[in-house]
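Student: structure here, sequence nowhere to be found:
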């Protein structure tokens, strides 16, 4: 179906909705598959209309399409099944099981068996994982949270969740315009036409029947009546005037028309993007030769029509008195503008760029002057992600960039922007490169592409969809614009023609024609097609310096905002049909301090930062509508960004922060977020989504890469120094205050916690005989802690909901229960007869859904059911014994098993078969870590060796010993553990002598060795769940918390802070476990058999605050290779 046909379906959907044909609307949504109405879907789920839910879904996806779709259908059918069980409808439940759920057995037979077992229970809540199942309504609401995230992450829905933005009654308006054209072409137009049918063309004759077509079947081929010969038809009779079709955006900027287009198409002037024989005056440098491929010049008749359009038209007739004029000036009022400060976020460094997520209205992307990017959930004030700047692969970067970094490692974000559907984001830096991340609704960022894009700074980045393929558009100091494939990072086009550094880009499309506006710091505006024929426009922007361009949300109106070198700011709307300024907005100070930023919202308002304020304009009025100072504290030219709905406005402050302003709707939305109770089951659902959702990147069809305004700052200098910083003006960029502000940023001065009052610590209750804890982990839900002791016995602690802990999550403030099933069974491993359990190496691994645990203590490997503690199966009898277990990231039936004889066996549980055996170590295996993105397995052993294996063929790719500490002459030996960072490319290596970070080539680029206050041997270490910290245990009982990037010590926790004074055996943490969702909580498995849960005190929200070398931090030691591979790491703040 063509794009215009697709748009016609949307117009029909709007018409049906306005006419209250509700069932027909949703039927057309489902049959066309163009728009997924999330509100309707939610209503049907909450009402339990399961047949309609699946029927509606079937228009967009099937069970087998992908894993997101499979999960969506599974959750719906599981809920239907549970409701049947809850209502004692066993027969109905069996029918659902056989008819609806059996299809999933081929994908996960164990899960299907577990679901089937629920039929044997009197109450399915006896199943541990369903014990928190509430009533039907709450269960449906909890399921909806997960379903929405799965739908948003599913690529099949990627361009179908947002209804296109266009004016009310658009179909009626188009019909009105068609009738107006027909009436203007009448040979003898009557002043009060009587239009009674739409089935035939209108003509002013004795009857309103069909008329003969003009010669050549082209009404424009004959004489066209001159303007003025018709009376103003809108003044007669019952017909309401409507706004005339706007002349094409391209008619003046890049004028052409296709001969084959109909009246309406010509009237709307779809772009051809080439010059006419008589181009508009501003087209100074026509580049396209006559007869260019695939493009035609205008005919004389269509040029006559375009001239006629430009000289004005009489008012038009409408076929319906009920049609509203599209320009409804009373639709919005100043009260709709977000002006009330409701959030203050502390970024910690100067904010250079911001962008709200296109679908998640309260998620804000932020880039700073030290190269950091953050993602904030402004509703909860939670920072979902933080990425400090580093070059991912320095070897792939150009020598000029490497040389630049050696001379000056500081780097700033110039622009950060979301992709059109929010599954991808791009960051442009002040030196050479752009970095592209993928993002999923759970808040996870993954490295996708790093491109050495331009020589000098990359000044802007945007996303576009030429040929329905997602592309990246960049511009830079090297005076070029470049287009990159967003999947592989290949360069597709380079546009040359600017004579100064390119400051901004604005990709857009009209009538399926994709084009890009660009601006340079000499004030030139150019326009480009995705070809190699040069620019189509060469024009001067007001101010002749730093200018950005942006369309209104509906893509119809074009605006630009710029500041001259002298500080004069210009906010204007362009008349696209003429390539001329339509209106200039007033209200700027005569000399702006810095480059003024602007944004648009609701197709109605403009906002710009000037004079320590945010100023607002109505798009149709050149005078200021209103302004706000956001309670003070703004810089002279604050940066700003609206969310998509226009209900929130993010504004930068002069103290490295962000203020969130809201209108009434935005305040209501955030209040609802605050008041929502996230109970344990919801947290469980979110945790499951987090563990399963990824954001696959690929071509996305028919998604508008809506060009939004681009933040600009005082980072631009005079052209002779090529976009260097204007920081010399920064001193004047802070609003004077009457009172001197003497407050300083709070710095956490102490790096040592030695008293129990400085943290929250809880020793978990244990009436059983204590034995050394050798393995410890949290379940994926974060609701329980599982320990494996040296006597082969497992212990499971489970937190209950209560007043102190309403969520039921693990917490140091609430005491859990040592849990056992009703049978009283213990979960104990098989033990090898010839070797005591205490002398054996234990290992453990947990399934993703927390249903099963695989474990060994020197004997056979046992698979336990976590609900019943029953042994499901055993395998791998010794010798040799299993020493480490790791599930394959893509197939839970495949397990990598490290063995005591130094081999690694790749075992298929389903068929009970060893697929292959890997040999490369000299001593027993002590660590295994998969990287799905790199498609590798890294192993470590008691020989202190690292080996890298390909997951595809299981061949060994690389092997090397870990790097010994300085001054250590002999080869290291001893147990070595490995763990991949969340980015799946950095590897944490833990040995008693060090913690170290290795890259994907097994090169060590940063390490830390015990010394000073932490001089004892290292016993265990693990990343926090957000990957920002490393929790490290020492053999003297101390715990160190390190920054994961720099390995600088944030704080040291002395044993006295969490151990009672009665401890005489000098216990120490044998193993550390990190909470799966709380980045500041961890658990310690001790040598005396105790388990402690540790959290920061209520006075501190995180460990160590802003510790530095000056306040007790212990610096890490970069390896020799780090100096070459990471020259920009830890930029100066």
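Tutor: Thanks, I have the structure now. These numbers were taken from a predicted model, which means no experiment stands behind them.

Student: by residue count, tell me the biggest helix in this structure.
Tutor: Longest helix of the chain, by residue count under DSSP state H: helix 67-86.

Student: which SSE is immediately downstream of it?
Tutor: Using DSSP states H and E, the next helix or strand after helix 67-86 towards the C-terminus is helix 90-96.

Student: what comes into contact with the very next helix or strand once past that following helix?
Tutor: For helix 90-96, the following helix or strand on the C-terminal side (DSSP H and E) is helix 109-117. Helix 109-117 has contacts (C-beta atoms under 8 Å, 6 or more residues apart in numbering) with 78, 81, 97, 101, 102, 104, 105, 849, 851, 852, 910. C-beta here means a position set from N, CA and C on the backbone, and glycine is covered the same way.

Student: gap between stretch 120-131 and the chain center?
Tutor: Between the centre of stretch 120-131 and the centre of its chain there are 36 Å (C-alpha atoms, centre = their mean, to the nearest Å).

Student: buried ones in that stretch, by neighbour count?
Tutor: For stretch 120-131, the buried set under the neighbour-count rule, 16 or more other C-beta atoms under 10 Å, comprises 124, 125, 127, 128, 129, 130.

Student: burial measure for residue 467, as a count.
Tutor: 10 (other C-beta atoms under 10 Å).

Student: need the buried residues of stretch 120-131 in TSV with secondary structure and distance to residue 1067, can you?
Tutor: Formatted as TSV, these follow (DSSP: H, G, I helix; E, B strand; the rest coil; distance: C-beta to C-beta, whole Å):
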residue	secondary structure	distance to residue 1067
124	helix	42
125	helix	38
127	coil	36
128	helix	31
129	helix	33
130	helix	37
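
Student: rewinding a little: most neighbours among the contacts of helix 109-117, which one?
Tutor: residue 81 (22 neighbours).

Student: from residue 442, how far out is the residue nearest to residue 974 when sequence neighbours are not counted?
Tutor: Nearest non-adjacent residue to residue 974, counting by C-beta to C-beta, 6 or more residues apart in numbering: residue 992, 5.5 Å away. For residue 992, the distance to residue 442 (C-beta to C-beta, to the nearest Å) stands at 35 Å.

Student: just residue 410 next, same as before
Tutor: Residue 410 is 32 Å from residue 442, by C-beta to C-beta.

Student: the two: who's more crowded?
Tutor: When residue 410 is set against residue 442 and neighbours are counted by other C-beta under 10 Å, the residue ahead is residue 442, at 19 against 15.

Student: mind checking the SS state of the more buried one?
Tutor: Here residue 442 is recorded as coil under DSSP: H, G, I helix; E, B strand; the rest coil.

Student: is it true that it touches residue 152?
Tutor: No. Contact criterion C-beta atoms under 8 Å: residue 442 and residue 152 do not qualify, at 10.5 Å.

Student: which neighbours do the two have in common?
Tutor: With C-beta under 8 Å, 6+ apart, residue 442 and residue 152 have no common neighbours.

Student: how about the strands of the stretch 401-550 of the chain, start to end?
Tutor: Counting by DSSP state E, counting those that start in this stretch, the stretch 401-550 of the chain has strands at residues 413-418, 424-429, 433-439, 445-452, 458-464, 471-476, 480-485, 491-496, 502-510, 513-520, 524-529, 537-540, 546-551.

Student: let me have those in TSV, adding distance to residue 795, mean neighbour count and mean pLDDT as columns.
Tutor: Shown next, in TSV, are these (distance: least, C-beta to C-beta, whole Å; neighbours: other C-beta atoms under 10 Å; pLDDT from 0 to 100):
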stretch	distance to residue 795	mean neighbour count	mean pLDDT
strand 413-418	45	25	96
strand 424-429	43	25	96
strand 433-439	38	23	95
strand 445-452	35	19	94
strand 458-464	51	27	96
strand 471-476	51	26	96
strand 480-485	52	21	95
strand 491-496	57	15	93
strand 502-510	58	25	91
strand 513-520	61	24	92
strand 524-529	66	23	92
strand 537-540	72	19	82
strand 546-551	59	25	90
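
Student: ok, which of these comes nearest residue 606?
Tutor: Closest of those to residue 606 is strand 546-551, at 9.4 Å (criterion: C-beta to C-beta).

Student: other residues contacting the next helix or strand after the closest one?
Tutor: With elements assigned by DSSP H and E, the helix or strand that comes after strand 546-551 is strand 558-563. With C-beta under 8 Å, 6+ apart as the test, strand 558-563 has contacts from 249, 519, 523, 525, 541-543, 545-552, 569-574, 576, 592, 594-598, 600, 606, 608, 619, 709.

Student: which one among the buried residues of stretch 120-131 gets closest to residue 930?
Tutor: Using C-beta to C-beta, residue 129 is the member of the buried residues of stretch 120-131 that lies nearest residue 930, at 25.0 Å.

Student: OK, contacts around that closest one?
Tutor: So residue 129 contacts 849, 850, 851, 867 (C-beta under 8 Å, 6+ apart).

Student: again, but for residue 433
Tutor: 391, 397, 401, 450, 451, 452, 453, 458.

Student: in a markdown table: these, plus distance to residue 414.
Tutor: Shown next, in a markdown table, are the contacts of residue 433 (distance: C-beta to C-beta, whole Å):
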| residue | distance to residue 414 |
| --- | --- |
| 391 | 16 |
| 397 | 17 |
| 401 | 15 |
| 450 | 16 |
| 451 | 14 |
| 452 | 15 |
| 453 | 11 |
| 458 | 6 |
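
Student: tell me which of these is nearest to residue 838?
Tutor: residue 391 (47.4 Å).

Student: surely that closest one touches residue 450?
Tutor: Yes. With contact defined as C-beta under 8 Å, residue 391 counts as touching residue 450 (7.3 Å).
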